[in-house]
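Novice: need coordinates for the below:
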Amino acid sequence: LHILRGGAHLGYSKEVYRNAAAKLADQRAKAEREAEERRSAFFSACPRAAEIERQLSRTALAAARAVLGGGNVRENLSRLKESNQALQREQQELLQKAGLPGDFLTVHYSCPKCEDTGYVDGILCSCLRQALREEACRQLNALTPLSLSTFESFSLDYYPEQTRASMEKILFNCMDYAKNFSFSSPNIIMMGSTGLGKTHLSLAIARAVIEKGFGVVYGSVNNLIEKLEREHFGRDEETSTRQSLMDCDLLILDDLGTEFRTAFSVAEVYNLINTRQMTRRPTIISTNLTMKELEAAYTNRFTSRIIADYVRCLFQGDDIRQKKRMQASQPRRA
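Specialist: Below you'll find the model as predicted:
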C-alpha cells in the first residue's frame with residue numbers, strides 16, 4: 001500500500017510497482033542472507049568474535065536500562081560507550097588478523113541510501129525509480145524480437161552496388177551511436193521504402209543500448225498508439241504506457257505513418273516527440289514516408305521539429321525482405 005501511494009504520481013501501473021518492489025525486496029533479502037552466512041562462518045572460526053557480538057548486544061540493552069533507571073545517566077552512558085568502542089576495535093583487529101575487510105560482518109545492500117527498501121525518509125529512492133523504469137520497459141518490450149536483429153547479422157550484400165557505400169556509412173553510424181550512447185545522444189529519423197533494414201538497425205541499436213544498462217522502449221507506432229488509446233479512454237486498466245514512453249532513456253518508434261491516423265493519434269505522436277525533445281531524451285523514428293508525406297500526415301509544426309532536431313538517415317536500395325524470401329524459396333543445390 002505504501003508503494004502504491006508513494007509513487008502513484010509517477011503514472012506507473014500497479015503491476016509495474018509490484019514487480020519493481022519485489023525486485024528490491026529480493027535484493028534486500030539476498031544481501032541480509034549473505035551477511036548472515038558470513039557472520040556464521042566467521043563466528044564459527046573465531047569464538048571470541050561471537051562473544052564480542054553478544055557483549056555488544058548486552059551494552060545496547062544496558063544503555064536502555066541506564067536511561068530508564070535514572071541516576072547518573074550521562075556517566076553511565078559514557079562508560080557504556082567506551083566499553084562498546086573497545087569491543088568494536090577488538091572486533092576489527094580480529095577481522096584484520098583473519099585477512100578480512102572491516103565491513104565483512106555488515107550487510108552489503110545494493111543501494112546504501114535506502115538499504116534496498118526503495119524509500120529514504122518516506123521519499124522514493126533513485127534505485128526504485130530506476131527499477132520502475134526498467135520494469136516498465138521490460139513489459140513494453142516483452143513481445144519485441146530484440147534478439148533476432150544484431151549489427152553482425154546485418155548484411156550489405158543485399159544492397160545494389162550504387163547504394164552500398166551510403167548504406168555502409170549508415171550501418172557504421174548506427175554502430176557508433178549504440179556504442180557511445182548517452183543522454184546527450186542526438187535524435188535520429190530513418191527514412192526510406194519498406195524492407196530496407198530500418199527495423200533491423202533500430203532493433204540492433206535497442207539491443208546494444210539495453211546491454212549497456214539503459215532503459216529502452218521499442219515499438220511500432222501503431223501498437224503504441226492503440227495502447228495509449230485504450231488507456232486514455234478507460235478500456236485498459238493499465239496507465240503506465242505514456243509515462244514509460246516519456247521517461248525511458250531511449251524511445252524507438254518504428255513504422256511511423258502506418259498507424260490509423262486520428263486527431264488523437266496525431267496529437268499523441270507530436271506530444272511524444274515534442275516532450276522528449278524538451279526534456280532532452282533521445283528518440284529514434286523509422287518511417288516509410290517522405291518529408292512531404294510526413295507534413296501532410298502530421299502538420300508543418302511536426303515536420304519542422306523533425307527537420308530541426310533529428311539526424312536523417314536515408315535508406316536506399318531494393319526490398320531486402322523480398323530478396324530473402326526469393327532466396328529461401330529457391331531449391332538448394334546438392
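Novice: poorly predicted segments of this structure, please.
Specialist: Applying pLDDT under 70 to the chain flags residues 1-13, 60, 62-73, 76, 137, 140-148, 235-240, 321-334.
Novice: which residue ranges form the strands in it?
Specialist: 119-120, 123-124, 187-191, 216-220, 250-256, 283-287, 310-314 (DSSP state E).
Novice: which of those sits closest to Gln27?
Specialist: Using CB to CB as the criterion, the shortest distance between Gln27 and the strands of the chain is 14.2 Å, found for strand 119-120. In this view, the C-beta of every residue, glycine as well, is placed from N, C-alpha and C.
Novice: partners of the closest one, with directions?
Specialist: strand 123-124 (antiparallel) (DSSP bridges).
Novice: still on that earlier bit, of all the strands of the chain, which one is nearest Thr299?
Specialist: Comparing these against Thr299 with CB to CB, the closest turns out to be strand 250-256 (13.7 Å).
Novice: got the strands of the chain as JSON lines, with distance to Arg28 columns?
Specialist: Formatted as JSON lines, the strands of the chain follow (distance: least, CB to CB, whole Å):
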{"stretch": "strand 119-120", "distance to Arg28": "12"}
{"stretch": "strand 123-124", "distance to Arg28": "16"}
{"stretch": "strand 187-191", "distance to Arg28": "38"}
{"stretch": "strand 216-220", "distance to Arg28": "27"}
{"stretch": "strand 250-256", "distance to Arg28": "29"}
{"stretch": "strand 283-287", "distance to Arg28": "35"}
{"stretch": "strand 310-314", "distance to Arg28": "42"}
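Novice: buried ones in stretch 166-179?
Specialist: By neighbour count on 16 or more other CB atoms under 10 Å, the buried set for stretch 166-179 is Met167, Ile170, Leu171, Cys174, Met175, Tyr177, Ala178.
Novice: now, which of the residues you listed sits nearest Gly257?
Specialist: Taking CB to CB as the measure, Gly257 sits nearest to Ile170 out of these, at 19.7 Å.
Novice: list the contacts of that closest one.
Specialist: Counting by CB atoms under 8 Å, 6 or more residues apart in numbering, Ile170 touches Leu201, Cys313, Phe315.
Novice: for the nearest residue to Ile306 once chain neighbours are set aside, name its beta-bridge partners.
Specialist: Of all residues not flanking Ile306 in the chain, Ile189 sits nearest, at 5.9 Å (CB to CB, 6 or more residues apart in numbering). On the basis of DSSP bridges, Ile189 is bridged to Ile285, Arg312.
Novice: burial count for Ile39?
Specialist: Rather than Ile, residue 39 is Arg. Counted with other CB atoms under 10 Å, residues neighbouring Arg39 total 17.
Novice: can you list the contacts of Ile170 in JSON lines and add neighbour count?
Specialist: Rendered in JSON lines, the data for those read as follows (neighbours: other CB atoms under 10 Å):
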{"residue": "Leu201", "neighbour count": "28"}
{"residue": "Cys313", "neighbour count": "22"}
{"residue": "Phe315", "neighbour count": "22"}
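Novice: closest one to Glu229 out of those, please.
Specialist: Using CB to CB, the shortest approach to Glu229 within the contacts of Ile170 belongs to Leu201, at 28.3 Å.
Novice: what sits against the residue nearest to that closest one when sequence neighbours are not counted?
Specialist: Computed as CB to CB, 6+ apart, the closest residue to Leu201 that is not its neighbour in sequence is Cys174, at 4.8 Å. In this structure, Cys174 makes contact with Phe151, Leu201, Ala204, Ile205, Cys313, judged by CB under 8 Å, 6+ apart.
Novice: relative to Lys14, how far out is the residue nearest to His200 when sequence neighbours are not counted?
Specialist: Sequence neighbours aside, Ser149 is the residue nearest to His200 in space, at 4.7 Å (criterion: CB to CB, 6+ apart). Separation of Ser149 from Lys14 (CB to CB, to the nearest Å): 32 Å.
Novice: between these two, who's got more neighbours?
Specialist: The neighbour comparison of Ser149 against Lys14 (other CB under 10 Å) goes to Ser149, with 20 against 14.
Novice: so what's that one up against?
Specialist: Ser149 sits next to Thr199, His200, Leu201, Leu203, Ala204, Arg207 when contact means CB under 8 Å, 6+ apart.
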